[in-house]
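Undergrad: based on what follows, work out the 3D shape:
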Amino acid sequence: MSADSDLIAEMREYSRDPLGFVLGFFPWHQAGELEDYSGPHAWQADIFNLIGEHLRGENWASPLRIAVSSGRGIGKSAWIAMLSHWAMSTCDDCRVLVTANTEPQLSTKTWPEICKWFRRSRNAHWWIPTATKICSADKRHADTWRIDRETWSENNVEAFRGLHNSGKRMVVIFDEAAGIPTPIWEATQGSLTDEKTEMLWIAFSNPSQPTGSFRECFGRFKHRWVTRQIDSRNVPGTNKEEIAGWVKDYGEDSDYVRINVKGEFPRTGSNQFIGADLVSEARYRVLRPDEYESQWKVLVCDPARFGEDRTVIGYRQGPKFVILDKLRGMDSVQVARRFIQRMKEHDPRTCVIDGDGLGGPICDIVRDEMKGWFAANPARRFTEFHGGIAPTDANAYFNYRVSMWGRMRDWLKVGQIPDDPELEMDLTGPTYGHSNKNQLQLEKKEDMKKRGLASPDLGDTLAMSFCAIVAGKTQLERDTEKLAAAGSITERSLLQFKLTHERDARERQAEERRPAHWE
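TA: You can find the predicted model right below:
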């Protein structure tokens, strides 16, 4: 390759810039298959940028995991091919392994697309493609600089367990990853241990299965994966007329459209506590400001410290729910500080914090630091939530948590929630059963995690808002409103004198009724 010294030097410039490489090394806008394209699709460029930012960052040697759930026809095979070519061209002795859910998918779709893009590039002469691998044309590197097409087998996971390329670059690509079994995922996970090595693990799939390792990338392991969900209708080049026909035939929220168009996972089954249709309507409902702005805000925090779960802070204002924060890795003091910040910003009528586990210290900090804030207005309230206590209706519900989920389910018929796929998954994820007293019982978080679902932190945050008791206007607030509505200076002065007199009278009456032993 010594004759290609200029090309090699140019390649080095893009070692940590996959998007720049893709834009510069393929014949965009030239005669041929790319004539009508100026570059990759927006979603493709977005993920190339993610990779570039990771490799240019301080944690470049930690594995980057990216999971993409999508509808049909978005161009994922082309993206896989472009990424593979960048990885091989800009790092000597790079190793890439590509697998798919089935051998036909791998041999007839994924692999031919990769070979096609290798032939398109300006350095096509660097490579020798075969039916199972593409390796360096330099014989000295033929065994160490290569991309392999690997068919998985649950009886032989050694090809995935032995993935190492210390000090260089290693890329693992799972195409149609929903169909790849858990042992292959676990073997691959165990290979990501090399020091000072660029490690990328990319998983693409239609979300055809409600459980499994691919589903877990968006569920209990989503703190370890960068995730994207891509709707086929938002991508150039897809057959919009055919897709519109699918939506008309099956319905916007049918599992067929969710999987093949929206890139969203199917509903979990008939024993969902909250149905997908109800959540979808609330997700796309748009309320007028006058339907909620006059309502008091209830600020809620569902704390979590480390691991898979998130700390969530949000508020409900009558029929509208807003998510303010999704946080990870924060201790009790940090969470309390953020909650106090949100209290000052939104002036909620009632504050609710889950008081179990980590939440206990957070409740203590908020009470202590904000006691003056609560004392300034007796209508402000603080509620410590405990999901395991007695329910509001012991004949219908097993515990307090499920009774709040019941209130939330009723509210969703008229409420508006954020257009957030994570919130939808949280609300539709839990199933229900019945206790020996025939009470409704919500699925435990531990059991959800066994099914590959995350703890429904966002759903719990909204549900907890329904335990709040919201006080009406105090006399002081009513007096303030009267003053604000007063017209002339004389009118305001007379009203101020009257209100002050009435307030003093109320305080004297309260003092006279106060028992002597209160001193």
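Undergrad: spatially central residue for the chain, please.
TA: What sits nearest the mean C-alpha location of the chain, by C-alpha atoms, centre = their mean, is Glu422, with 4.9 Å.
Undergrad: SS state for that residue?
TA: With DSSP: H, G, I helix; E, B strand; the rest coil as the basis, Glu422 sits in helix.
Undergrad: leaving out sequence neighbours, find the closest residue to it.
TA: Nearest-residue entry for Glu422: Leu458, 6.0 Å, with adjacent residues in sequence omitted and distances by C-beta to C-beta, 6 or more residues apart in numbering. Every residue, glycine included, has its C-beta placed from N, CA and C.
Undergrad: which residues are contacting the strand or helix carrying the one you found?
TA: Here Leu458 sits within helix 457-464, counting by DSSP states H and E. Contacts with helix 457-464, where a contact means C-beta atoms under 8 Å, 6 or more residues apart in numbering, come from 300-302, 304, 309-314, 316, 321, 323, 326, 352, 354, 385, 401, 404-405, 407-408, 417, 420, 422-423, 426-427, 429-430.
Undergrad: picking up where we left off before, contact partners for the residue nearest to the centre of the chain?
TA: Contacts for Glu422 (C-beta under 8 Å, 6+ apart) come out as 222, 326, 458.
Undergrad: and stretch 385-393, average pLDDT?
TA: Averaged across stretch 385-393, the pLDDT comes to 92.
Undergrad: go on, stretch 406-414?
TA: 96.
Undergrad: so which bits of it are buried?
TA: 406, 408-409, 411-412 (16 or more other C-beta atoms under 10 Å).
Undergrad: same deal with stretch 100-111?
TA: Burial within stretch 100-111, assessed by neighbour count using 16+ other C-beta under 10 Å, is assigned to 100-102, 105-106, 109-111.
Undergrad: in helices only, show me the residues you listed.
TA: Using DSSP state H, 105, 111 are the members of the buried residues of stretch 100-111 that sit in helices.
Undergrad: show me the domain layout of this protein.
TA: Per automatic domain parsing, the domain ranges recorded for the chain read 2-262, 276-467, 475-518.
Undergrad: which residue ranges of the stretch 301-450 of the chain form strands?
TA: For the stretch 301-450 of the chain, strands defined by DSSP state E, counting those that start in this stretch occupy the ranges 311-317, 320-327, 350-354, 381-385, 432-434, 440-442.
Undergrad: which of those strands sits closest to Ser208?
TA: When the strands of the stretch 301-450 of the chain are compared by C-beta to C-beta, strand 432-434 sits nearest Ser208, at 24.8 Å.
Undergrad: pLDDT averaged over the closest one - what is it?
TA: Mean predicted confidence for strand 432-434 is 85.
Undergrad: same deal with stretch 21-37?
TA: Mean pLDDT, computed over stretch 21-37, is 82.
Undergrad: state the distance from Glu53 to Ile66.
TA: Note on Glu53: its distance to Ile66, by C-beta to C-beta, to the nearest Å, is 12 Å.
Undergrad: who has more neighbours, these two?
TA: Neighbours per residue (other C-beta atoms under 10 Å) separate Glu53 from Ile66, with Ile66 holding more: 19 against 13.
Undergrad: that one bridge partners, please.
TA: Ile202, Val226 (DSSP bridges).
Undergrad: number of nearby residues for Val352?
TA: Counted with other C-beta under 10 Å, residues neighbouring Val352 total 25.
Undergrad: show me what it bridges to in the sheet.
TA: In this entry, Val352 is beta-bridged to Val300, Thr383, by DSSP bridges.
Undergrad: I'd say it and Leu299 touch.
TA: Yes. Judged on C-beta atoms under 8 Å, Val352 makes contact with Leu299 at a distance of 7.2 Å.
Undergrad: what score does Met425 have for pLDDT?
TA: 85.
Undergrad: show me where pLDDT drops low in this protein?
TA: Applying pLDDT under 70 to the chain picks out residues 1-3, 31, 156, 267-270, 305-308, 452, 471-492, 494-499, 501-519.
Undergrad: in the stretch 1-150 of the chain, what residue spans correspond to strands?
TA: For the stretch 1-150 of the chain, applying DSSP E, counting those that start in this stretch gives strands covering 64-70, 95-100, 127-129, 133-136, 146-149.
Undergrad: likewise the stretch 151-300 of the chain?
TA: 169-175, 198-205, 226-230, 297-302.
Undergrad: just so I know, which of those lies nearest Glu291?
TA: Of all those, strand 297-302 sits nearest to Glu291, with 14.4 Å by C-beta to C-beta.
Undergrad: ok, the nearest residue in space to Lys344 that is not next to it in sequence to Arg380 distance?
TA: Counting by C-beta to C-beta, 6+ apart, Trp373 is the residue found nearest to Lys344 once chain neighbours are left out, at 8.0 Å. Using C-beta to C-beta, Trp373 is found at 7 Å from Arg380.
Undergrad: and those two? which has more neighbours close in?
TA: The neighbour comparison of Trp373 against Arg380 (other C-beta under 10 Å) goes to Arg380, with 19 against 16.
Undergrad: so what's the residue lying closest to that one once chain neighbours are set aside up against?
TA: Spatially, and ignoring its direct neighbours in sequence, Arg380 is nearest to Phe374 (5.0 Å; C-beta to C-beta, 6+ apart). Shown in contact with Phe374 (C-beta under 8 Å, 6+ apart): 367, 380-382.
Undergrad: again, but for Trp405
TA: Residues near Trp405 by C-beta under 8 Å, 6+ apart: 273-274, 430, 442, 459, 463.
Undergrad: could those go into a markdown table alongside distance to Gln209 and neighbour count?
TA: Listed next are these as a markdown table, based on distance: C-beta to C-beta, whole Å; neighbours: other C-beta atoms under 10 Å:
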| residue | distance to Gln209 | neighbour count |
| --- | --- | --- |
| Phe273 | 21 | 21 |
| Ile274 | 21 | 22 |
| Pro430 | 18 | 23 |
| Leu442 | 23 | 23 |
| Gly459 | 21 | 26 |
| Ala463 | 27 | 28 |
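Undergrad: out of the residues you listed, the closest to Tyr37 would be?
TA: The shortest approach to Tyr37 among those belongs to Gly459, at 41.3 Å (C-beta to C-beta).
Undergrad: and the buried residues of stretch 100-111, which two are furthest apart?
TA: Asn101 and Trp111 (13.5 Å).
Undergrad: hang on, the earlier thing: of the strands of the stretch 301-450 of the chain, give the one that comes closest to Met170.
TA: Taking C-beta to C-beta, strand 320-327 is the member of the strands of the stretch 301-450 of the chain nearest to Met170, at 30.5 Å.
Undergrad: how far does that closest one sit from its chain's centre?
TA: The chain centre lies 12 Å from the centre of strand 320-327; the measure is C-alpha atoms, centre = their mean, to the nearest Å.
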